[in-house]
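**Q** Predicted model and sequence below, questions to follow.
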Amino acid sequence: ATARIGVTGLAVMGRNLARNLARNGFAVAVHNRSPERTRGLVAEHGDEGTFLPAESMADFVASLERPRAVIVMVKAGGPTDAVVDELVPLLDAGDIVVDCGNAHFADTRRREEALRAHGLHFVGTGVSGGEEGALRGPSIMPGGSAESYRTLGPIFERIAAQVDGVPCCRHIGPDGAGHFVKMVHNGIEYADMQLIAEAYDLLRAGLGAQPAQLAEIFRGWNSGELESFLIEITADVLAHTDAATGRAFVDVVLDRAEQKGTGRWTVQSALDLGIPITGIAEATFARSLSGHADQREAARGAFPDMGATWRVEDPDAFVEDVRRALLASKIVAYAQGFDHIRAGSREYDWGIDLGGTATIWRGGCIIRARFLDRIRQAYDERPDLPTLLVAPWFADTVNDGVPSWRRVVADAARAGVPAPAFASSLAYFDALRAQRLPAALIQALRDNFGAHTYQRVDREGTFHTRWPTDRTETRT
Ligand code: NDP
């Protein structure tokens, strides 16, 4: 018997992806460095479809139909290189190696180039949705050649999440495009979670409410414009009681957020491309800050009880203010994320369709939300949109939310409740719409201390003022 596709690397993600393929009728070859995992998969789930287990890489490759398609689902970094190096000599021209791990897009570009020299397709593919997604339908973001997608597309589109009959999978673009888009997706996920966490913190402080009461607020929000997986699970987590102590679960969890690094990659890439993704950056730094236990302890000691007690006068109005501020901040974070994707696409010549990207995030992935339909519509209507903020629905929503946004950020500052992502999103919005920015002064200072020159508002050209001498202006 032969398999349509193979999966090597059968930890949680690979195992579930293989089961998803088998459940959808694809005969799937399965392999793992330690054969126990392969045996375990077949023993526990062998009845879900056709699995072709192999204990050596050679047997695994031999069981595949041509052109062979091999999904690599191992720990990102060195392990991916090790597995790819083992695979390459066993494959023939036209075969496809799909890396579904969380690789950095630069590594994917390097691997794609190396395998192309062997006549092989290397397809860096972003997979979102965690282990449940892998099993029941993830959002899939394949890069690599258009030719490889002719083989992979029908398989991936079948196993992906489906929304309104549309699969949450499409060819993103060549070489590292898929992993780049997955990286920005994760960055947006950081921003989304930070904004939700700030909203929770503000509501808790302002209302003096318990987590279970806040769960009801989030549940209510989930039936409106904020409807999303993350808001849904926020309600779920806030309503959960710790069995051991009887306390609200969120109160027994240590307040130190960890990260695997995709937020950091997103910010690093945005710095390289010159794209201000302030929401994602604040979210990434907020996680870092939470981890600096010694500094936090020292600061708590030095500045005790700085926050005034805060009780809002009109709780319903306050909840609505926070909801609108959250929505407006979220629009900023997504606008920035899509700017980042567009910049990456231009830099690397990937031709990424922004509306199409929003389409495949509507299901399967962690940031799945009703909101993504709006983004899809906005870019479909106007692919050259300068920023998502000016698309009609987004502009109206932000406009409606501005007074709430300002009240929430100002009240939080007065009460001493940190809301970095809310505040910086508002600052971004105000900077973007400002008639004049103090960047003019920065240019003047740069010319003063370093002769870095400036342009004028009233004349073409580049100028320098002779600051140390007679202050005459020269055209350079
Ligand atoms: P892990 O990242 O924990 O990796 C474990 C797997 O890698 C095992 O199959 C292991 O084999 C294999 N492996 C490690 N080193 C080597 C090596 N040198 N040679 C061969 N195989 C090796 O597994 P996950 O399932 O959690 O994730 C797989 C990939 O998917 C990762 O890149 C991850 O970043 C990505 N991902 C994970 C998500 C998640 O929610 N967990 C979501 C989306 C993507 P062995 O059993 O022999 O040790």
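**A** That came through fine.

**Q** rest of the way, CA atoms for contacts and neighbours
**A** Fine.

**Q** counting residues per helix, which one in the chain is longest?
**A** helix 315-348 (DSSP state H).

**Q** Skip ahead from that one and say which helix or strand is next.
**A** For helix 315-348, the succeeding helix or strand toward the C-terminus, using DSSP states H and E, is helix 354-360.

**Q** pLDDT of that following helix, averaged?
**A** Averaged across helix 354-360, pLDDT comes to 97.

**Q** Past that helix, which element shows up next along the chain?
**A** helix 371-381.

**Q** Report all helices and strands that that next one contacts.
**A** helix 354-360 (3 or more Cα pairs under 8 Å, 6 or more residues apart in numbering; DSSP states H and E).

**Q** Could you list every helix and strand that the helix it packs on packs against?
**A** Using 3+ Cα pairs under 8 Å, 6+ apart, the elements in contact with helix 354-360 are strand 139-142, helix 315-348, helix 371-381.

**Q** Which secondary structure elements does the longest strand belonging to the chain sit against?
**A** Longest strand in the chain by number of residues (criterion: DSSP state E): strand 121-128. Counting contacts by 3+ Cα pairs under 8 Å, 6+ apart, strand 121-128 is packed against strand 96-99, helix 105-116, strand 139-142, helix 177-207.

**Q** Alpha carbons of the third one, in CSV - could you do that?
**A** So that's strand 139-142. The C-alpha trace of strand 139-142 is given here as CSV (Å, rounded to 0.1, in the frame of the first residue of the first chain):
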residue,chain,number,x,y,z
SER,A,139,-5.8,27.4,10.0
ILE,A,140,-3.1,26.5,7.6
MET,A,141,-0.7,29.0,6.0
PRO,A,142,1.5,27.3,3.4
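
**Q** Just the buried residues of it, please?
**A** For strand 139-142, the neighbour count (16 or more other Cα atoms under 10 Å) marks S139, I140, M141, P142 as buried.

**Q** Which of these sits closest to K330?
**A** Nearest to K330 out of these is S139 (Cα to Cα; 20.6 Å).

**Q** Which pLDDT does the model give that closest one?
**A** On the pLDDT scale, S139 gets 98.

**Q** OK, contacts around it?
**A** 127-129, 133, 160-161, 168-169, 360-361, 363-365 (Cα atoms under 8 Å, 6 or more residues apart in numbering).

**Q** of all the helices and strands packed on strand 121-128, which lies closest to A302?
**A** helix 177-207 (21.6 Å).

**Q** how would you label whatever residue of the stretch 201-350 of the chain ends up closest to the ligand: helix, strand or coil?
**A** Closest approach between the stretch 201-350 of the chain and the ligand, counting by Cα to the nearest ligand atom: K260, at 8.4 Å. Classification of K260 using DSSP: H, G, I helix; E, B strand; the rest coil returns coil.

**Q** for T469, same thing?
**A** Per three-state DSSP, T469 ends up coil.

**Q** Over to H464?
**A** If you use three-state DSSP, then H464 falls in the strand class.

**Q** Enumerate every residue touching it.
**A** H464 touches D447, A451, H452, T453, Y454, E473, T474, R475, T476, counting by Cα under 8 Å, 6+ apart.

**Q** and what of L90?
**A** A58, V61 are the contacts of L90 under Cα under 8 Å, 6+ apart.

**Q** any idea of the pLDDT on the closest residue to R407 other than its chain neighbours?
**A** Nearest non-adjacent residue to R407, counting by Cα to Cα, 6 or more residues apart in numbering: D321, 7.5 Å away. Here, the pLDDT recorded for D321 equals 98.

**Q** burial measure for D321, as a count.
**A** By other Cα atoms under 10 Å, the residues close to D321 number 20.

**Q** Nearest residue to V61 in space, ignoring adjacent ones along the chain?
**A** Using Cα to Cα, 6+ apart, the nearest residue to V61 is L90, at 6.9 Å.

**Q** Next, give phi and psi for the one you found.
**A** The phi/psi pair for L90 (degrees, to the nearest 10) reads phi -90, psi -10.

**Q** Tell me the residues of the chain that contact the ligand?
**A** By the rule Cα under 6 Å from any ligand atom, the part of the chain lying against the ligand is 9-14, 32-34, 73-76, 79, 82-83, 101-102, 127-128, 130-131.

**Q** Among the residues you listed, which are located in strands?
**A** Among those, DSSP E puts V127, S128 in strands.

**Q** Quick one: residues contacting the residue of the stretch 201-350 of the chain closest to the ligand.
**A** Taking Cα under 8 Å, 6+ apart as the definition, K260 has no contacts.

**Q** How much space separates it from F122?
**A** 24 Å (Cα to Cα, to the nearest Å).

**Q** what does Q377 give?
**A** 32 Å.

**Q** So between those two, which is more surrounded?
**A** F122 (30 against 17).

**Q** Buried only: go through the contacts of H464 for me.
**A** Buried subset of the contacts of H464 (neighbour count, 16+ other Cα under 10 Å): D447, A451, T453, Y454.

**Q** Show the pLDDT at the nearest residue to the second one once chain neighbours are set aside.
**A** With sequence-adjacent residues excluded and distances taken as Cα to Cα, 6+ apart, A451 is closest to H464, at 6.5 Å. Confidence per residue is given as pLDDT, and for H464 that number is 98.

**Q** Identify the bridge partners of H464.
**A** T474 (DSSP bridges).

**Q** Hmm, V402 and the residue nearest to R407 touching each other?
**A** No. Contact criterion Cα atoms under 8 Å: D321 and V402 do not qualify, at 9.4 Å.

**Q** ok, now which ones touch L226?
**A** L327, A369, R370, F371.

**Q** quick one: which of the residues you listed is nearest to the ligand?
**A** When the contacts of L226 are compared for distance to the ligand (Cα to the nearest ligand atom), A369 wins out at 18.2 Å.

**Q** Number of residues surrounding that closest one?
**A** If you count neighbours by other Cα under 10 Å, A369 ends up with 21.

**Q** and of the contacts of L226, the nearest to A412?
**A** L327 (16.7 Å).

**Q** ok, which pair from the buried residues of strand 139-142 is furthest apart?
**A** Using Cα to Cα, the two most remote members of those are S139 and P142, lying 9.9 Å apart.

**Q** quick one: the residue of the stretch 201-350 of the chain closest to the ligand and Y190, what's the gap?
**A** 11 Å.

**Q** go on, A335?
**A** Taken as Cα to Cα, the span from A335 to Y190 is 14 Å.

**Q** more crowded one of the two?
**A** Using other Cα under 10 Å, the more surrounded residue of A335 and Y190 is Y190, with 25 against 21.

**Q** so what's the more buried one closest to, chain neighbours aside?
**A** Distance criterion Cα to Cα, 6+ apart; nearest residue to Y190, sequence neighbours excluded, is A283 at 5.8 Å.
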